[in-house]
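Trainee: Return atomic coordinates for the entry below.
(one chain, ligands or ions: 2)
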Amino acid sequence: MILVTGGAGFIGANFVLDWLAQSQEPVINFDKLTYAGNLNNLTSLREDARHIFVQADINDGDILKQLLQTHQPRAIVHFAAESHVDRSIHGPAAFIETNVNGTFSLLEAVRAYWQNLEDDKKAAFRFLHVSTDEVYGSLEANDPPFTETTAYAPNSPYSASKAASDHLVRAYHHTYGLPTLTTNCSNNYGPLHFPEKLIPLVITNARAGKDLPIYGDGSQVRDWLYVSDHCAAIRRVLEAGRPGETYNIGGWNEKTNLNVVHSICDLLNELQAKPTGSYRDQIRHVKDRPGHDKRYAIDARKIERELGWKPAESFETGLRKTVSWYLANDAWTAQVLSGEYKNWVNLQYQEKN
Ligand code: NAD
Ligand code: DAU
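Mentor: Ligands and ions are numbered 1, 2, ... in the order given. The predicted structure is shown next:
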């Protein structure tokens, strides 16, 4: 049994689905269901007894304590977070509450549980903290990519809150000996991605005939990783990572935002052509994001060298899969855009569990 936090969100849901496709080991999926949590992501698991869904906040230490005692998980994979940089600029409080206080509350509950395990279970236990490359700050065009020893320099309230959580995880290993693993990953994309983030927003807006907003001149660079590659990396770190270590995960896919949006438009033109013109005609340059980081890039050689992981998808193959998924899953997007995913769908699911 493993316990996953945030397993109704984008990466968490992909991870839970991948995990149960490859293993018989059950998963407790612990998620508050904020705006980003969507049980429609997990409909294929509705009748699956290996998936135990619990709607709760990681700040709720009592529920965590009770769940840990009842189910005795051998590992925690911690995805739950506020994840959107723009939201952190408009309202940072929720980011401190979940990413900092929530991770602290989770670590405290896990420490109390772990300390009382028998010696062999204690040694085998793992706490895997899923973090981001944004903690390292921003690179100039000619800087080498971030390594695991790059100094932290977070620039947004989001990345500062994630940096704080990384430091707490590090301290729990150093001080208490909790067997922690931290992964710092670059930008993910793929199925189930909430359409507030660049790639799903552009796919969704393009098809709806809306503007495709590019912040500033669109020259900022992100290093894109297909979500199932991230899930495979996390499974591998959980299996063979060394406690106390951090692992950078990335796709070796540096692209400017403008380049990403052009690629999406061209794929849509190919797969579902507009009656007239090109989807590129909908591109609009808008006001830049305050404090916008110029460039992220991950050096993923440590995880490849030590654990043998490398991405299976190129940006071209991953983006084609992603656009095709959105074209084939209009109902998922429609329920997100209408807000319906927050109403009857969730309630109906909870009643069954
Ligand atoms: P997401 O916003 O799609 O999902 C977050 C999930 O956490 C949601 O299901 C939400 O309901 C849940 N949640 C939020 N607050 C909670 C709380 N207080 N208690 C319990 N559950 C709560 O996020 P994502 O994009 O899937 O990211 C998952 C993790 O991966 C985050 O920690 C993020 O920092 C990290 N990460 C994301 C990316 C990316 O490109 N998306 C890249 C690197 C790292
Ligand atoms: O690098 C990892 C991070 O990637 C994760 O830790 C975050 O959780 C995840 O949200 C993502 O952060 P970004 O800010 O890079 O992702 P976003 O999709 O919001 O933006 C990607 C780039 O596109 C960024 O440079 C801002 C730009 N952008 C974004 C949006 C939503 C636009 O130009 N227009 C837009 O409308």
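Trainee: partners of residue 221 in the sheet?
Mentor: Judged by DSSP bridges, the bridge partners of residue 221 are residue 256, residue 295.
Trainee: burial count for it?
Mentor: Per other C-beta atoms under 10 Å, the neighbour tally for residue 221 reads 18. (Each C-beta comes from the backbone N, C-alpha and C, glycine too.)
Trainee: residues contacting it?
Mentor: 139, 254-257, 294-297 (C-beta atoms under 8 Å, 6 or more residues apart in numbering).
Trainee: near ligand 2 too, which of these?
Mentor: Residues of those in contact with ligand 2 (C-beta under 6 Å from any ligand atom): 257, 296.
Trainee: Let me have the contacts of residue 221 in a markdown table, extended by distance to residue 242 and pLDDT.
Mentor: Formatted as a markdown table, the contacts of residue 221 follow (distance: C-beta to C-beta, whole Å; pLDDT from 0 to 100):
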| residue | distance to residue 242 | pLDDT |
| --- | --- | --- |
| 139 | 27 | 98 |
| 254 | 28 | 98 |
| 255 | 32 | 98 |
| 256 | 35 | 98 |
| 257 | 35 | 98 |
| 294 | 33 | 98 |
| 295 | 29 | 98 |
| 296 | 25 | 98 |
| 297 | 24 | 98 |
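Trainee: which of the contacts of residue 221 has the most neighbours?
Mentor: residue 296 (23 neighbours).
Trainee: Give me every residue in the stretch 201-350 of the chain that's in contact range of ligand 2.
Mentor: Residues of the stretch 201-350 of the chain lying near ligand 2 (C-beta under 6 Å from any ligand atom): 201, 213-215, 220, 222, 257, 289, 296.
Trainee: Looking at these, spot the one nearest ligand 1.
Mentor: Nearest to ligand 1 among those, counting by C-beta to the nearest ligand atom, is residue 222 at 8.7 Å.
Trainee: which residues sit in contact with the closest one?
Mentor: 186-187, 198, 254-255, 257, 260, 296.
Trainee: ok, these vs residue 278, which is closest?
Mentor: residue 260 (15.9 Å; C-beta to C-beta).
Trainee: And what about residue 81, helix, strand or coil?
Mentor: Secondary structure assignment for residue 81 (DSSP: H, G, I helix; E, B strand; the rest coil): coil.
Trainee: Touching, it and residue 99? I think so.
Mentor: Yes. Residue 81 is within contact range of residue 99, at 5.0 Å (criterion: C-beta atoms under 8 Å).
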